[in-house]
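>>> need a structure here:
(one chain, ligands or ions: 2)
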Amino acid sequence: MKMGAIAVIGAGKWGQALHFALSFNQECYITSRTKKNIKNFVDLDFALDCEYLVIAIPAQEIRAWLKQNFKFKGQKILVASKGIEADTGAFLNDIYSSFIPDENIGFISGPSFAAEVIKALPCALVINSVSKNIYEEYSKFFPNFIKTYYSSDVIGAEVAGAYKNVLAIASGICEGLELGKNAQASLIARGLVEMYRFGKHFGAKESSFLGLSGAGDLFLTANSTMSRNYRVGLGLAKNRTLKDILDDLGEVAEGVKTAFAIDKLSIQYDIYLPIAKEVKLILEGKNPKDSLKDLLNK
Ligand SMILES: NC(=O)c1ccc[n+]([C@@H]2O[C@H](COP(=O)([O-])OP(=O)(O)OC[C@H]3O[C@@H](n4cnc5c(N)ncnc54)[C@H](O)[C@@H]3O)[C@@H](O)[C@H]2O)c1
Ligand SMILES: O=P(O)(O)OC[C@H](O)CO
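Ligands and ions are numbered 1, 2, ... in the order given. From the prediction side, this is the model:
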């Protein structure tokens, strides 16, 4: 194994932005399914032999990718994806845990549009891991325009990062329907309560929802057309089909599949999640105006 070497796996928007940031203080490699003209682009085998691996592929692809490609030999993983597996309702940590020991896994969370990171604009992020060593080792790699914090609340970061994408869809719908800023703020605030209720069920800490991973990322994503999930919501409110919206987007909007995962878990564990439920129903074709009426009267 190449000790001390770091590689990003997945050269989408977030993978490329992380590669850019992680190249400030050291050489950072990057790989993806198709060859790209990026500095230090390497093939997958070269990347998998690095001690530090930052994995930025869509949540729904992770299990199959790990099965097909990954062999654990002591690598330290930083998971950069935000989502819950739709088919099973599995959290990403559960998926990674069956391939890699927990003390070798960290999750990066917090408000971070790739388009701003790649311009070296400042931001603050959280590295979440059961092992503080993961935080200490990874935080040294980050450039000085990114401040990193440590949290051991892996499930809190995972829930917050995944749930805010669903709420960003709801917020985009709210703007698309021209319901006003009062409605949008109400939706976001109730969304924060809802995602904490969900997280608490799985043992997440309240502090994660009050900080960067929860409120921070939610306020960012649910207030900006820079968010792909928000733009999905805008499209749904304009009665565009989901297929049409996603074809146009050409990038992943994790909230779409995650809404189905959350709904599955809400039924399985009997957790009251009215906003996520309506997003899932709208994605299945319900008229957003009917969802609004139902939310107001619940
Ligand atoms: N873009 C952002 O601002 C941002 C910020 C934080 C977190 N994230 C999260 O990072 C993850 C990736 O998002 P993105 O913005 O890079 O998406 P993207 O759509 O820009 O790129 C996704 C990349 O994953 C690759 N990919 C897809 N399926 C794959 C597979 N089976 N094996 C290997 N590679 C595969 C694609 O080729 C593509 O390069 C998502 O979970 C997203 O929520 C994104
Ligand atoms: O563009 P989105 O909606 O996938 O959001 C990107 C990031 O998760 C923001 O932190």
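>>> okay, CA-based contacts and neighbour counts for the rest of this
Will do.
>>> so which bits of this structure are right by ligand 2?
Proximity of the chain to ligand 2 is assessed by C-alpha under 6 Å from any ligand atom, with 110-113, 165, 217, 221, 227-229, 253 identified as the residues in range.
>>> from those residues, keep the buried residues only.
Buried residues within these, defined by neighbour count using 16 or more other C-alpha atoms under 10 Å: 110-113, 165, 217, 221, 227-229, 253.
>>> got CSV for those, with pLDDT and secondary structure too?
Shown next, in CSV, are those (pLDDT from 0 to 100; DSSP: H, G, I helix; E, B strand; the rest coil):
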residue, pLDDT, secondary structure
Gly110, 98, coil
Pro111, 98, coil
Ser112, 98, coil
Phe113, 98, coil
Asn165, 98, helix
Asp217, 98, helix
Thr221, 98, helix
Ser227, 98, coil
Arg228, 98, helix
Asn229, 98, helix
Ala253, 98, coil
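>>> ok, those vs ligand 1, which is closest?
Compare each of these with ligand 1 using C-alpha to the nearest ligand atom and the shortest gap goes to Phe113, at 3.5 Å.
>>> identify the residues contacting the closest one.
When contacts are counted by C-alpha atoms under 8 Å, 6 or more residues apart in numbering, Phe113 touches 14, 226-227.
>>> spell out which parts of the stretch 51-200 of the chain neighbour ligand 1.
The stretch 51-200 of the chain has residues 56-59, 61, 65, 80-83, 112-114 near ligand 1, with proximity defined as C-alpha under 6 Å from any ligand atom.
>>> so which of these wins on neighbours?
Scoring these on neighbours with other C-alpha atoms under 10 Å, the highest-scoring entry is Gly83 at 31 neighbours.
>>> that one against Ala259, yeah?
No: because the distance of 9.3 Å does not satisfy C-alpha atoms under 8 Å, Gly83 is recorded as not touching Ala259.
>>> okay, and the helix or strand of this structure with the least pLDDT?
Within the chain, no helix or strand scores below helix 288-297, which has a mean of 94 by mean pLDDT, DSSP states H and E.
>>> now that helix: buried residues?
For helix 288-297, by 16+ other C-alpha under 10 Å, it's 288, 291-292.
>>> quick check, nearest of these to ligand 1?
Within those, the smallest distance to ligand 1 is 23.7 Å, found for Pro288 (C-alpha to the nearest ligand atom).
>>> gap between the closest one and Ala204?
Counting by C-alpha to C-alpha, to the nearest Å, the gap from Pro288 to Ala204 is 30 Å.
>>> and the residue most central in space within the chain, what helix or strand is that in?
Among the residues of the chain, the one closest to the centroid is Lys82, at 1.9 Å (C-alpha atoms, centre = their mean). In this structure, Lys82 is located outside every helix and strand according to DSSP states H and E.
>>> now Val279
Val279 is part of helix 274-283 when elements are defined by DSSP H and E.
>>> need the helices for the stretch 51-200 of the chain, in chain order.
Listed in chain order, the helices of the stretch 51-200 of the chain (DSSP state H, counting those that start in this stretch) span residues 62-69, 92-97, 114-117, 132-139, 154-176, 181-201.
>>> among the ones you listed, which is the most enclosed?
For the helices of the stretch 51-200 of the chain, average neighbour numbers computed from mean count of other C-alpha atoms under 10 Å are highest in helix 154-176, which has a mean of 28.
>>> give the other helices and strands that that helix contacts.
The criterion is 3 or more C-alpha pairs under 8 Å, 6 or more residues apart in numbering; DSSP states H and E, and the helices and strands that helix 154-176 contacts are helix 92-97, strand 105-109, helix 181-201, helix 206-210, helix 217-221, helix 228-237, helix 255-269, helix 274-283.
>>> adding distance to Glu158, write these out as JSON lines.
Below are these laid out as JSON lines (distance: least, C-alpha to C-alpha, whole Å):
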{"stretch": "helix 92-97", "distance to Glu158": "8"}
{"stretch": "strand 105-109", "distance to Glu158": "8"}
{"stretch": "helix 181-201", "distance to Glu158": "9"}
{"stretch": "helix 206-210", "distance to Glu158": "10"}
{"stretch": "helix 217-221", "distance to Glu158": "12"}
{"stretch": "helix 228-237", "distance to Glu158": "17"}
{"stretch": "helix 255-269", "distance to Glu158": "12"}
{"stretch": "helix 274-283", "distance to Glu158": "16"}
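>>> mind listing the strands for the stretch 1-150 of the chain?
Using DSSP state E, counting those that start in this stretch, the strands found in the stretch 1-150 of the chain span residues 2-9, 28-31, 50-55, 76-79, 105-109, 123-128, 146-151.
>>> closest one to Phe198 among those?
Proximity of these to Phe198 was assessed by C-alpha to C-alpha; the nearest stretch is strand 105-109, lying at 17.5 Å.
>>> alright, that wraps it up for me.
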